[in-house]
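[1] Predicted model, plus sequence, below.
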Amino acid sequence: MTEDSQRNFRSVYYEKVGFRGVEEKKSLEILLKDDRLGILPPHHESHAQVMMYRKEQYSDVLHALKVVRFVNDATPQVEVYLRMYQLESGKLPRNPSFPLKPEDEVFLAIAKAMEEMVEDSVDCYWITRCFVNQLNKYRDSLPQLPKAFEQYLNLEDSRLLSHLKMCSAVSRLPYDLWFKRCFAGCLPESSLQRQGLG
């Protein structure tokens, strides 16, 4: 089936279910242009100014953490991001040696994953911060995700789902870990890399 006939099939299908005139490519482009995390303001003219303010805020918060001796130059960068986030959200513990809470572990896993993708530390912190804030907004939806995952797996690979059910593995999957962390720190990096065929 050619790309054009697939598009026509999709268009006919969408019209049948009540979505008239949906252009998938245009819709995707619009979504990608839309800033869903709220990292940048809607007016492009102010992006440079906002980034300057965010760099200043990053520097100020980092300086404050160094003054109170929560971080130093040897502190791992992801821990610096965590302490900055805790300070800004009013959840900085009284002592840096207090044990981390589960939500702190989630933040660290996401920050580590972001650090692999974003080179600039200021950008990495802001993206991680906004991502975690968005994730926290949808925390109530987490219990629904295992069922949705099984439904999606049934559509994509019903044989695999049947096998997992037959082995009684579905109920043992680490859903809680996967979905709380958005899979950050759950899969080895090597499993995400493309392997050459040879």
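    Happy to help now that I have it.
[2] so Phe70, which of the three states?
    Three-state assignment for Phe70 (DSSP: H, G, I helix; E, B strand; the rest coil): coil.
[3] Could you do the one 4 residues further on as well?
    Classification of Ala74 using three-state DSSP returns coil.
[4] ditto for the one 10 residues further on
    When classified by three-state DSSP, Met84 comes out as helix.
[5] Leu62 is in contact with that one, correct?
    Yes. Between Met84 and Leu62 there is a contact under C-beta atoms under 8 Å: 6.6 Å. Where C-beta positions appear, they are placed from N, C-alpha and C, glycine not excepted.
[6] which of those two has more neighbours?
    Between Met84 and Leu62, counting by other C-beta atoms under 10 Å, Met84 is the more crowded of the two (22 against 19).
[7] Could you pull up the residues touching the nearest residue to the more buried one once chain neighbours are set aside?
    Once flanking residues are discounted, Met84 sits nearest to Val61: 4.8 Å by C-beta to C-beta, 6 or more residues apart in numbering. Contacts for Val61 (C-beta atoms under 8 Å, 6 or more residues apart in numbering) come out as 84, 87-88.
[8] what's the helix or strand hosting Asp104 in contact with?
    Per DSSP states H and E: Asp104 is located in helix 102-117. Outside helix 102-117, the residues that touch it by C-beta under 8 Å, 6+ apart are 77-79, 81-82, 85-86, 100, 124-125, 127-128, 131-132, 135, 180-182, 184-186, 189.
[9] so can I have a markdown table of the contacts of Val61 showing distance to Ser141?
    Shown next, in a markdown table, are the contacts of Val61 (distance: C-beta to C-beta, whole Å):
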| residue | distance to Ser141 |
| --- | --- |
| Met84 | 27 |
| Leu87 | 28 |
| Glu88 | 25 |
